[in-house]
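[1] here is a sequence with its predicted model. Questions after.
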Amino acid sequence: MDAYKPVEVTLPWRKPDGPKVSARLLFTNTASWVVWRSNFNIQEWKPALATAGLIAEARGDGKYESARERGMHSLRHFYASVLLDAGASIKAVSQYLGHSDPGLTLRVYVYLMPYWCDSPPPSSSVSSCALRIAASNCLTAYTQQGS
């Protein structure tokens, strides 16, 4: 942390015209400012996926194939699944994800509710159910890559 100190930024909270809130960021872009999702996806995430063999290397123009099913949005879904499996309420997960309606969260994530697993959830916050979901996604990606 001494070499890379957090950077304080002040941005609108929750919506573009929302109240200004200051936060200390651990991860910043090369200009020591906010890492935008689209830039992170292009500059860090997709190269990491290609290095891991989950998507093809960049084409000659430097662009990568579309990888929505393995993109940043899939991390959001994984986060929601871990929260639900750990016993978080739909309302809490809805708030964490920024959904305006818990009903939307329920419709999207109902299949990840803890009872979806064939066994009772263990007491750990990252249970075997969430890990089985992640392993299944990784296995699917691996087998699709080989075909």
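    Received it, and whenever you're ready, just let me know what you need. Here the structure is a predicted model, which means the values were calculated and not measured.
[2] name the element the residue positioned nearest the centre of the chain belongs to?
    Taking C-alpha atoms, centre = their mean, the centroid of the chain lies closest to Leu75, which sits 2.3 Å from it. For Leu75, the host element (DSSP states H and E) is helix 72-85.
[3] next SSE after that helix?
    For helix 72-85, the following helix or strand on the C-terminal side (DSSP H and E) is helix 90-97.
[4] helices or strands next to that following helix in the packing?
    helix 72-85, helix 102-109 (3 or more C-beta pairs under 8 Å, 6 or more residues apart in numbering; DSSP states H and E). The C-beta positions use only the backbone N, C-alpha and C, and glycine is treated the same way.
[5] now those helices as JSON lines including mean pLDDT and distance to Val93?
    Shown next, in JSON lines, are those (pLDDT from 0 to 100; distance: least, C-beta to C-beta, whole Å):
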{"stretch": "helix 72-85", "mean pLDDT": "83", "distance to Val93": "5"}
{"stretch": "helix 102-109", "mean pLDDT": "88", "distance to Val93": "6"}
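[6] endpoint to endpoint, stretch 12-21 covers what distance?
    End-to-end distance of stretch 12-21 (C-alpha to C-alpha, to the nearest Å): 6 Å.
[7] what is the mean pLDDT for that stretch?
    Summarised as a single mean, pLDDT over stretch 12-21 is 84.
[8] quick one: Ser81 from Leu26, how far?
    The gap separating Ser81 from Leu26 is 24 Å, by C-beta to C-beta, to the nearest Å.
[9] ok, those two, which is more surrounded?
    Ranked by neighbour count (other C-beta atoms under 10 Å), Ser81 and Leu26 place Ser81 first, with 23 against 10.
[10] was I right about that one contacting Val108?
    No: Ser81 lies out of contact with Val108 (C-beta atoms under 8 Å); the separation is 10.7 Å.
[11] which residue, other than its chain neighbours, is closest to Phe40?
    Met72 (7.1 Å; C-beta to C-beta, 6 or more residues apart in numbering).
[12] how far away is the one you found from Lys20?
    25 Å.
[13] which of these two has more neighbours?
    Neighbours per residue (other C-beta under 10 Å) separate Met72 from Lys20, with Met72 holding more: 15 against 8.
[14] residue boundaries of the strands in this structure?
    7-12, 20-25 (DSSP state E).
[15] CSV for the ones you listed, including distance to Asp101?
    Formatted as CSV, the strands of the chain follow (distance: least, C-beta to C-beta, whole Å):
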stretch, distance to Asp101
strand 7-12, 22
strand 20-25, 23
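[16] cool, thanks, signing off.
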